[in-house]
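Peer 1: pasting the structure only:
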């Protein structure tokens, strides 16, 4: 029997939007056991499983052994993780902004780095409540409403240094032509000072933030049901050419984009049918 993927995407409560990009619910069943790639990006990852734990045999941090988690949080990384599955996965993934890391966990994104940690270690007792309550409803909108409720009780609004926040907005934003030197000039810092402050807060360099933004743009285009020409994807995402995109994909995803498209059995987990889908 062919595998079936179901789920939904959700937008957080307006009060949470400075801290949370969005929610992705997923239910994958009937696939042959295998592995897929957990891609790096400019959002911090939170995963809460509903049934079986998530198995990550290869962490995005080179010094961390693999493990299994009922729920996890991970910071920013320029390395992929490998997720193993037995043909079934069920849960919710949240994408946090770096400011969301401070507001919800009380630490900068750099404190997590590329490590994977148990969500309870950073969210506290509300993590246990979150997982328990997500297992009860039958619809994704109900689950997303529960996440809103719990995060609104947890959130402690914070404000980053204005220049640092602006640098993040530019480097992690939609402009494919953004350059680190231009950002440093715009906020009135030297490149060295920008690099030091940026890394201390976000755990990655300004250059890597721009790299991840290009990668995310290309990844989003490559998840389209009808694949655009790779040269077109490279141009839209901000790469010099298709060869440049392929090199970056080998570093950030462990393989060129054409190979990922061929191997990934369910690449559309974050592109669900809509917030009213049942799970």
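Peer 2: Yep, that arrived. Values in this document were obtained by computation on a predicted structure and should not be read as measured data. Residues are numbered from 1 along each chain as shown.
Peer 1: I figured residue 212 hits residue 44, correct?
Peer 2: No. Here residue 212 does not reach residue 44: they are 11.8 Å apart, not a contact under Cβ atoms under 8 Å. All C-beta spots, glycine's among them, are computed from the backbone N, C-alpha and C.
Peer 1: now do the shared contacts for the two.
Peer 2: Counting by Cβ atoms under 8 Å, 6 or more residues apart in numbering, the residues touching both residue 212 and residue 44 are residue 76.
Peer 1: element containing the closest residue to residue 159 other than its chain neighbours?
Peer 2: Leaving aside its chain neighbours, residue 159 sits nearest to residue 165 (7.7 Å; criterion: Cβ to Cβ, 6 or more residues apart in numbering). In this assignment (DSSP states H and E), residue 165 forms part of helix 162-171.
Peer 1: packing partners of the next helix or strand after that helix?
Peer 2: Downstream of helix 162-171, the first helix or strand assigned by DSSP H and E is helix 180-187. Where contact means 3 or more Cβ pairs under 8 Å, 6 or more residues apart in numbering; DSSP states H and E, helix 180-187 is packed against helix 162-171, helix 191-202, helix 206-222.
Peer 1: repeat that for 6 Å
Peer 2: helix 162-171 (3 or more Cβ pairs under 6 Å, 6 or more residues apart in numbering; DSSP states H and E).
Peer 1: show the pLDDT at the residue lying closest to residue 161 once chain neighbours are set aside.
Peer 2: Using Cβ to Cβ, 6+ apart and skipping the chain neighbours, the partner closest in space to residue 161 is residue 197 (7.5 Å). Per-residue confidence (pLDDT) for residue 197: 97.
Peer 1: where does this structure dip in pLDDT?
Peer 2: Applying pLDDT under 70 to the chain flags the ranges 1-2, 265-279.
Peer 1: many thanks, have a good one.
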